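Asks: Test case, fold it:
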Amino acid sequence: MIIDKAKAVLRIEAEGILALIDQVGQQFQKAVDLIMASHGRVIITGIGKSGLIGQKIVATMNSTGTSSFFLHPVEAMHGDLGMVDAGDVVLAISYSGETTELCILLPSLRKRGVKIIAMTGNPSSSLAAAADAILSVAIPQEACPLGLAPTTSTTATLAMGDALAVVLLDLKQFNVSDFRRNHPGGSLGERLKIQVAEVMLTGPAIPMVAADATLRQAIGVLNDKNLGAVLIMANEQTMAGILTDGDVRRLVSQGQNLDTTTLAAVMTAAPKTITEGLLAADAVSIMQRHEITILPVTDSTGRLRGVLHLQDLLGKGEFRFLV
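Replies: Coordinates of the predicted model:
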């Protein structure tokens with residue numbers, strides 16, 4: 001009974017988030033355009049559970065390149081409104097769209113010339129009527145059996161905030177290096193400040209195979225090392241190319257003979273590399289830019305020194321250091 005109820009709650013909340021997909025349209029585009037056109041900050045306001053969700057959205061936006069702060073609607077009417085400038089955009093959160101404290105604040109915001117984005121489950125509400133753009137977070141039902149405690153609705157609001165933050169991140173071309181600057185004390189920030197040489201896989205852990213080896217031999221190394229690629233070696237120290245598991249699937253589907261096809265004939269020559277003295281953040285940037293997950297590490301003369309995998313850089317299990 002308990003397990004079934006817990007699963008039912010999760011199912012209802014998941015369905016609530018899925019219901020948002022069809023609600024993302026021109027109004028979402030308009031909200032994004034308002035923020036991108038603004039020279040100010042995104043000010044997020046709400047009260048109660050909506051205010052708590054709003055504070056999390058603020059944290060997400062600030063860490064991903066969109067300057068933001070939380071404004072409590074009651075405190076705003078008692079002096080904090082002075083933090084609002086005409087170039088700002090206000091994201092006002094209220095599922096009902098009729099929250100008294102928030103609706104009282106709206107005329108004062110309008111007088112300051114700010115643009116207002118309403119995040120609400122009621123597009124016919126007073127909040128929606130006062131807004132320049134409406135982000136609908138309407139959900140089929142709350143997970144609370146009484147239909148009273150905000151459950152699915154707050155989850156949906158949080159998810160919509162994440163969607164907005166991530167779209168803005170992409171439009172602002174916010175990258176891993178930017179993220180690291182915003183997280184100097186976080187565990188990810190610490191990892192990305194480490195030199196490549198301190199975290200790369202070395203020795204027997206490197207998936208290597210000779211250029212004259214067969215496709216079947218490469219598959220054996222792929223399965224053994226489980227990094228998603230093998231490095232094709234011209235000699236013991238110099239790479240000739242790379243072959244990924246995606247390449248193997250494509251070649252097999254094309255009917256390539258596993259026992260007669262040599263790697264020199266099908267590899268990708270001159271793969272992207274990084275030198276061992278650079279930072280992990282630089283490696284992640286290269287991977288992001290070229291949409292790859294494995295990166296060979298070389299010294300200044302081009303000799304292979306190790307290999308990096310994206311999951312290790314971003315924290316798959318224990319973070320490994322050379323000793």
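Asks: tell me the contacts of the residue lying farthest from the centre of the chain?
Replies: Most distant residue from the mean C-alpha position of the chain: residue 260, 42.4 Å away (CA atoms, centre = their mean). Counting by CB atoms under 8 Å, 6 or more residues apart in numbering, residue 260 touches residue 214. Where C-beta positions appear, they are placed from N, C-alpha and C, glycine not excepted.
Asks: repeat for residue 143
Replies: Residues in contact with residue 143 (CB under 8 Å, 6+ apart) are 8, 9, 12, 13, 16, 151, 152.
Asks: Please tell me how far the fifth one sits from residue 94.
Replies: In this case it means residue 16. Applying CB to CB, to the nearest Å, the value for residue 16 to residue 94 is 17 Å.
Asks: again, but for the last one
Replies: Spatial separation of residue 152 from residue 94 under the definition CB to CB is 16 Å.
Asks: again, but for the third one
Replies: With distances taken as CB to CB, residue 12 is found 21 Å from residue 94.
Asks: and those two? which has more neighbours close in?
Replies: residue 94 (29 against 18; other CB atoms under 10 Å).
Asks: Do I have it right that the more buried one meets residue 120?
Replies: Yes - at 5.6 Å, residue 94 and residue 120 qualify as touching, with contact defined as CB atoms under 8 Å.
Asks: joint contacts of those two?
Replies: Both residue 94 and residue 120 are in contact with residue 127, where contact means CB under 8 Å, 6+ apart.
Asks: Does the residue nearest to residue 270 when sequence neighbours are not counted belong to a helix, a strand or coil?
Replies: Spatially, and ignoring its direct neighbours in sequence, residue 270 is nearest to residue 241 (7.1 Å; CB to CB, 6 or more residues apart in numbering). Classification of residue 241 using DSSP: H, G, I helix; E, B strand; the rest coil returns strand.
Asks: ok, now residue 85?
Replies: Going by three-state DSSP: residue 85 is coil.
Asks: residue contacts, the residue lying closest to it once chain neighbours are set aside?
Replies: Nearest non-adjacent residue to residue 85, counting by CB to CB, 6+ apart: residue 40, 5.4 Å away. Shown in contact with residue 40 (CB under 8 Å, 6+ apart): 85, 86, 87, 88, 89, 114.
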